[in-house]
Structure formats: C-alpha cells, structure tokens
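Colleague: Sharing a model prediction with you, sequence too.
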Amino acid sequence: MNDGTLEQIQTKIAFLERAASELSDVVFRQHQEIQALQAKLKEVSERLNAVQSDQGTRPAEQERPPHY
C-alpha cells in the first residue's frame, strides 16, 4: 500500500467519524424534542379529558340550549 492510498483511507475514516458524530447529535436532539412533545401531548390530553368530564356533570339549568 502506498502513501496516497493510506492517506485516502485515513481521509475517508475521518469523514465517516465526523458524519457519525453529527448524526448522533441530530438523533439526540430529535429524541429530546420527541420527549417534550410527548409531555405536551399528555398534558393536553389530560386537560381535554378534564374538560369533557366537567361538561358531563352540569346541572340541567346550566345546560346550553341546542342552538348554541
């Protein structure tokens, strides 16, 4: 193997290491974003369930007429 071939291999390895590192960073950021979105979705879902259960327990005099 000559020096040129060895240099090409080393260059490719350095490029692949950098690409793997960048991809790892992207995956980590996406994982954090997914976790944040899951937490928000859970909160919204809980709020929606609370509102729906509150609406079902209204006394008859507080019910809105059908045209609302």
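Modeller: Thanks, I have it.

Colleague: so where's this protein uncertain?
Modeller: Confidence mapping of the chain against pLDDT under 70 gives the ranges 56-63, 68.

Colleague: From the centroid of it, which residue is nearest?
Modeller: By C-alpha atoms, centre = their mean, the chain has its centre lying nearest to Ile34, at 1.7 Å.

Colleague: Could I get the contacting residues of Glu46?
Modeller: Glu46 sits next to no residue when contact means C-beta atoms under 8 Å, 6 or more residues apart in numbering. For every residue, glycine as well, the C-beta is placed using N, CA and C.

Colleague: what helix or strand is it on?
Modeller: Using DSSP states H and E, Glu46 sits in helix 3-55.

Colleague: Can you give the distance of that helix from its chain's centre?
Modeller: When distances are taken as C-alpha atoms, centre = their mean, to the nearest Å, helix 3-55 is centred 8 Å away from the chain's centroid.

Colleague: Arg64 is in what secondary structure piece?
Modeller: Applying DSSP H and E, one finds Arg64 in no helix or strand.

Colleague: where's it relative to Gln55, distance?
Modeller: Here Arg64 is placed at a distance of 10 Å from Gln55 (C-beta to C-beta, to the nearest Å).

Colleague: now do Glu43
Modeller: Per C-beta to C-beta, Glu43 is found 19 Å from Gln55.

Colleague: Pull the number of nearby residues for Lys12.
Modeller: Using other C-beta atoms under 10 Å, Lys12 has 10 other residues around it.

Colleague: and the gap between it and Gly4?
Modeller: Between Lys12 and Gly4 the computed distance is 13 Å (C-beta to C-beta).

Colleague: Likewise for Ala36?
Modeller: Counting by C-beta to C-beta - Ala36 and Gly4 are separated by 49 Å.

Colleague: and what of Val26?
Modeller: Separation of Val26 from Gly4 (C-beta to C-beta): 33 Å.

Colleague: cool, and Glu46?
Modeller: Distance, Glu46 to Gly4, by C-beta to C-beta: 63 Å.

Colleague: what does Ala19 give?
Modeller: Relative to Gly4, Ala19 is positioned 23 Å away (C-beta to C-beta).
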